[in-house]
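> below are the sequence and a predicted model; questions follow.
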Amino acid sequence: MRRLGFSLFRFRAGLVSILLLTGCALTPDYQRPELDVPETFSAGRAQPINLTQGDSIANLGWWEVFEDTQLQRLIRSALLENKDIDIALSRVAQANAQLTSTRANQYPFFDITGSVGRGRQTQLLAPGAGVENSFSVMGNLSFDLDLWGELSRSTESAQASLLASEAVQRHVTLGIVANVASAYFLLLDLDERVLIAQRTVDSRQSSLGIIQSRFEKGVVPELDLNQAQIELAVAEVAVATFQRQMAQVENALALLLGRNPGPIDRGLSLKEQQLLPDIPTGLPSELLRRRPDVVAAEHTLHAETALIGVTEALRYPSLSLTGRYGAVSSELSDLNNSGAKSWSVAGNIFAPIFNWGQLKAQSDVQRARAEQALYAYEATVQQAFREVADALVAVRTYRQEYLAYRRQAAAARNAERLSQARYDAGVVDYLEVQDASRSLFAAELNESQSYQQVMTSLLELYQALGGGWMPESADTSPRQSP
């Protein structure tokens, strides 16, 4: 009796020790890698930018940056209907379900089984055997002890994967907002180019009519007539080219909106779009938490790091506990009888021996994957800073280009007016008028395109800083329109 009591004591002490070991992870907790984050954003040879936290334009919602109400409607429509966002949201739901499934492994499983049977053994083996009935109802309890943190690390990895998928969804949303706005600005630029080209066609048709009349009267040579016809054809080709491009951009924008190809309504004209005088960027360190692609890369690194603990745990013994309780009888009415009760308790231990090397190799594979995720995270951060630097340079230089093109267009308009007057007075030949008209046409097109590039560069900076996806409410769902 004393020996039995001592054995039970040792069993209980061993069980308590095992329970105390449950959840003991074999790898350290995840720590964010230390990165070389610059103190200021680079903007080429311009003066260094040094702004305080909270100044960044990325803290503004896209509906505060884009004041064109039609553009706002298009963006809302895209956030509701775009198929890429639908796919990203579905992946978030998938990751959430995977987390729920993985987390469940940390808790006991309870199942109920029941069976009904009727049969008879062969008389040759069991003489006199009759028909026998069998009824049973059993409750089964099973629990895998998380000795080395395998289950908790699996849950940690699934949680990080969910956060990564949510960040990817925000990254997709940010990209859709930027693509819609960029396509809209290009569409407005093409509207302006069509107007310029059509205005040039009308002007050159009028000039051609005058030259045709003068040629028929023998006032001007046929060369002047041919040159006027050439310049008119150039403008007509430009109209057709810009109209084709406009239709293609409208179709691309319709796809972003989740629609079939078709025309797109406009709001403000290109020149009516607001040009922000100053673009505050905020601190570079804010980029690590604001840009969703950087956030997604870090959560992916976290998920892969946690899986190292899972693969390490596979190399060590595992313990599972099972219990069964129920009733078994030959008559259905006897299941409530105390004599029909049946129960069992068991502990199962599994320890790998001959496949130790294989399991170590699997752990090495996962360590390599985590290392790759680390490099991908670092590369994503560097790419983020590069995009901000490129956008800052683009904003500064495109502004300078636009101002120069605007001055050029103003001078070209005056030169075209003066050359036409000189030609009408017979002071110069038609070649000077042709050159002035060609210069004006190119200058006005460049002025429009450069303004569109300024707006696009502002948009690219806004996107590079990680702005544009936050909704007005606390709910970050992109399906909620502000």
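That came through fine.

> any idea which element the residue nearest to residue 212 when sequence neighbours are not counted lies in?
Taking CB to CB, 6 or more residues apart in numbering, and ignoring the residues beside it in sequence, residue 212 has residue 225 as its nearest neighbour in space, at 6.3 Å. For the C-beta atoms, the positions are set from N, CA and C on the backbone; glycine is no exception. Assessed by DSSP states H and E, residue 225 sits inside helix 222-256.

> now swap in residue 70 and tell me
Using DSSP H and E, residue 70 maps to helix 69-81.

> following that helix, which helix or strand comes up?
The helix or strand immediately downstream of helix 69-81 is helix 83-104, counting by DSSP H and E.

> what residues sit buried inside that next one?
Across helix 83-104, burial judged by 16 or more other CB atoms under 10 Å covers 84, 85, 88, 89, 91, 92, 95, 96, 98, 99, 102, 103.

> over to stretch 443-462?
443-462.

> just stretch 391-407 next, same as before
So for stretch 391-407, counting by 16+ other CB under 10 Å, buried means 391, 392, 393, 394, 395, 398, 399, 401, 402, 405.

> quick check: the fourth one touching residue 460?
Yes. With contact defined as CB atoms under 8 Å, residue 394 reaches residue 460; the gap is 6.5 Å.

> residue 345: which element?
Secondary structure from DSSP H and E places residue 345 in strand 341-350.

> what helices and strands are in contact with the helix or strand following that strand?
Next along the chain after strand 341-350, taking DSSP H and E as the criterion, comes helix 356-424. With contacts defined as 3 or more CB pairs under 8 Å, 6 or more residues apart in numbering; DSSP states H and E, helix 356-424 has these neighbours: helix 287-290, helix 292-313, helix 430-464.

> any chance of these in TSV, plus mean pLDDT and distance to residue 79?
Shown next, in TSV, are those (pLDDT from 0 to 100; distance: least, CB to CB, whole Å):
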stretch	mean pLDDT	distance to residue 79
helix 287-290	84	19
helix 292-313	92	15
helix 430-464	90	15
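
> so which of these is nearest residue 214?
helix 430-464 (9.9 Å; CB to CB).

> please tabulate the helices and strands packed on helix 356-424 in a markdown table, including the columns distance to residue 78.
Below are these laid out as a markdown table (distance: least, CB to CB, whole Å):
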| stretch | distance to residue 78 |
| --- | --- |
| helix 287-290 | 21 |
| helix 292-313 | 17 |
| helix 430-464 | 14 |
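
> how about those helices, which one is nearest residue 172?
Residue 172 sits nearest to helix 292-313 of all the helices and strands packed on helix 356-424, at 8.5 Å, using CB to CB.

> any idea of the angle the closest one forms with helix 83-104?
Per axes from the mean of the first three to the mean of the last three CA atoms, to 10 degrees, the angle that helix 292-313 makes with helix 83-104 is 30 degrees.

> what angle sits between helix 292-313 and helix 356-424?
Relative orientation of helix 292-313 and helix 356-424, computed by the same axes, to 10 degrees: 170 degrees.

> state the mean pLDDT of whichever helix or strand comes after helix 292-313.
The first helix or strand that comes after helix 292-313 along the chain, using DSSP H and E, is strand 318-329. What strand 318-329 shows for mean pLDDT is 83.

> kindly report the same for stretch 70-86.
Averaging pLDDT along stretch 70-86 gives 90.

> before we move on, what about stretch 186-203?
94.

> that one: which residues count as buried?
Using 16+ other CB under 10 Å as the test for burial, stretch 186-203 gives 186-194, 196-198, 200-201, 203.

> what do you get for stretch 346-361?
By neighbour count on 16+ other CB under 10 Å, the buried set for stretch 346-361 is residue 359.

> now what about that stretch, what contacts it?
Identification of contacts with stretch 346-361 by CB atoms under 8 Å, 6 or more residues apart in numbering yields 311, 314, 315, 316, 317, 318, 319, 320, 321, 322, 323.

> switch to 10 Å and redo it
Residues from elsewhere that reach stretch 346-361 (CB atoms under 10 Å, 6 or more residues apart in numbering): 11, 14-15, 18, 142, 144-145, 147, 311-324, 362.

> cool, and stretch 214-226?
Applying CB under 10 Å, 6+ apart, the contact partners of stretch 214-226 are 207-208, 210-213, 227-228, 423, 426, 429-431, 433-434.

> using CSV, write out the CA atom coordinates for that stretch.
Written as CSV, here are the backbone C-alpha positions of stretch 214-226 (Å, rounded to 0.1, in the frame of the first residue of the first chain):
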residue,chain,number,x,y,z
ARG,A,214,-4.2,84.2,-101.7
PHE,A,215,-2.7,81.4,-103.7
GLU,A,216,-5.6,81.4,-106.1
LYS,A,217,-5.1,85.1,-106.6
GLY,A,218,-1.4,84.5,-107.2
VAL,A,219,-0.4,86.5,-104.1
VAL,A,220,1.5,83.7,-102.4
PRO,A,221,3.5,80.7,-103.8
GLU,A,222,2.2,77.1,-103.7
LEU,A,223,4.9,76.3,-101.2
ASP,A,224,3.0,78.4,-98.6
LEU,A,225,-0.2,76.5,-99.4
ASN,A,226,1.6,73.2,-98.9
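
> which stretches in the stretch 101-250 of the chain count as helices?
Listed in chain order, the helices of the stretch 101-250 of the chain (DSSP state H, counting those that start in this stretch) span residues 150-216, 222-256.

> residue 76: how many residues sit nearby?
Neighbour count of residue 76, defined by other CB atoms under 10 Å: 17.

> just residue 71 next, same as before
Counted with other CB under 10 Å, residues neighbouring residue 71 total 21.

> wait, it sits on residue 62?
Yes. Applying CB atoms under 10 Å, one finds residue 71 in contact with residue 62, separated by 9.2 Å.

> joint contacts of those two?
Counting by CB under 10 Å, 6+ apart, the shared contacts of residue 71 and residue 62 are 180, 181.

> ok so, going back, which one of the helices of the stretch 101-250 of the chain lies closest to residue 383?
Smallest distance to residue 383 across the helices of the stretch 101-250 of the chain (CB to CB): 12.5 Å, for helix 150-216.

> tell me the angle of that closest one relative to helix 356-424?
Helix 150-216 runs at 20 degrees relative to helix 356-424, counting by the same axes, to 10 degrees.

> gap between helix 150-216 and the chain center?
18 Å (CA atoms, centre = their mean, to the nearest Å).
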